[in-house]
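# I need the structure of the sequence given here:
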Amino acid sequence: MSFSNYLNGFSPAEGTMHLMHSTSVATGAAILVAGELRTRPCTEYVGEDLLYLFYGRPAFKPLPGLLPSGIDEHLPMCLILDPSLLNDAIRILPFDSGGYSRYSAHIGADLLRPDFELGPGREVPMRLVRAFFETNRNYYHQTPTAEETSIPLRHRAARAFARLARDTALADDDDRRSTIEIQITRAVPLARALKAVVAPPVLLSDEEVASVLDLMPEVRRITYNTYGRQQPSAYVGSLYDHVARFLVSEGVMA
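Below is the predicted model of the structure:
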């Protein structure tokens, strides 16, 4: 039985979560000044130009090997986007497709990445959340509720994802392995889609960035504090805290 068939047996979780694009301050500034999120040629889906977003979570992985420093350009930031972009999705996966090679051994040799590819549909992420996390809050905090052993054997992909979401033994791991990926084939103009920016003061006080955001007064500017020479990863928790408060204020996470 396909992964889609398994999910169709669940009602959608309550509340459609926003889409997220987390990146470094340097890249985020360039995106804001350009006024849009753009597709890029994809090395995983060769021949396709794609824009990758995450559902409901500001999943972020800093550049590897960064030492504590005062380089502001490496700090994390997040663009929070309108949930209606789900209508433009061409492909949805329960995890980061680019990281599949890191955890494929934990999934099983008889399954491949296409077994987890889900077609378009606004309710697909909501059914994923219900099936494996029950609530948006559990999903956000990565607290899975589905047990592999409670899923019938014929649903191999569902069992594999339940196992992956609970697996604590993965090396070089990050939370993108159980964060829902949304793939879009068009550029996204920020003037229509951007709902909030979560970033350190160095980004929000930049003259070019501030002038762009001034043209979008409805976009919320949410800042987190920084404290000297620390690794960018030290601020990921602050990013999550502020995004969580935004989702609660929007009524999509209790």
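# what residues of the worst-scoring helix or strand of the chain on mean pLDDT count as buried?
Counting by mean pLDDT, DSSP states H and E, the chain has its least confident helix or strand at helix 100-107, which shows a mean of 82. Using 16 or more other C-beta atoms under 10 Å as the test for burial, helix 100-107 gives 100, 102-103, 107. All C-beta spots, glycine's among them, are computed from the backbone N, C-alpha and C.
# what's the pLDDT at Leu67?
Per-residue confidence (pLDDT) for Leu67: 59.
# hang on, I meant Pro62
At Pro62, pLDDT is 65.
# can you give me the end-to-end distance of stretch 178-189?
With C-alpha to C-alpha, to the nearest Å as the measure, stretch 178-189 spans 27 Å from end to end.
# now do it: everything it contacts.
Contacting residues not belonging to stretch 178-189 are listed as 19, 35-39, 45, 48-57, 59, 81, 85-86, 88-97, 125, 128-129, 132, 142, 144, 161, 164-165 [C-beta atoms under 8 Å, 6 or more residues apart in numbering].
# just the buried ones from these, in ChimeraX syntax?
Applying 16+ other C-beta under 10 Å to those, the buried members can be selected in ChimeraX as follows:
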select :19,36,37,39,45,50,51,52,53,54,55,56,57,59,81,85,86,88,89,91,92,93,94,95,96,97,125,128,129,132,144,161,164,165
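# narrow the contacts of stretch 178-189 to those in helices?
Using DSSP state H, the subset of these located in helices is 125, 128-129, 132, 161, 164-165.
# closest to Ala244 out of those residues?
Distance to Ala244 across the ones in helices among the contacts of stretch 178-189 (C-beta to C-beta) is lowest for Val129, with 15.1 Å.
# let me see the ranges of the strands in the stretch 1-150 of the chain.
Applying DSSP state E, counting those that start in this stretch to the stretch 1-150 of the chain gives strands spanning 19-24, 36-37, 40-41, 49-55, 76-81, 89-93.
# on that earlier part again, list just the nearest of the ones in helices among the contacts of stretch 178-189 to Arg177.
Arg177 lies nearest to Leu164 out of the ones in helices among the contacts of stretch 178-189, by C-beta to C-beta, at 6.1 Å.
# pull up the distance across stretch 129-143, start to finish.
Stretch 129-143 has an end-to-end distance of 11 Å (C-alpha to C-alpha).
# buried ones in it?
For stretch 129-143, burial by neighbour count (16+ other C-beta under 10 Å) applies to 129-140.
# what of stretch 246-254?
Using 16+ other C-beta under 10 Å as the test for burial, stretch 246-254 gives 246-247, 250, 252-253.
# farthest-apart pair in the buried residues of helix 100-107, please.
Spatial extent of these (C-beta to C-beta) is set by the pair Arg102 and Ile107 at 10.6 Å.
# quick one: average pLDDT of stretch 152-171?
87.
# oh sorry, the question was meant for stretch 185-202
Taken as a whole, stretch 185-202 has an average pLDDT of 97.
# try stretch 231-241
Stretch 231-241 shows a mean pLDDT of 90.
# start to end distance for that stretch?
One end of stretch 231-241 sits 18 Å from the other (C-alpha to C-alpha).
# could you do stretch 80-93 as well?
Start-to-end, stretch 80-93 (C-alpha to C-alpha) is 19 Å.
# and for Pro12, nearest residue in space, chain neighbours not counted?
The spatially closest residue to Pro12, leaving aside those adjacent along the chain, is Met126, at 3.4 Å (C-beta to C-beta, 6 or more residues apart in numbering).
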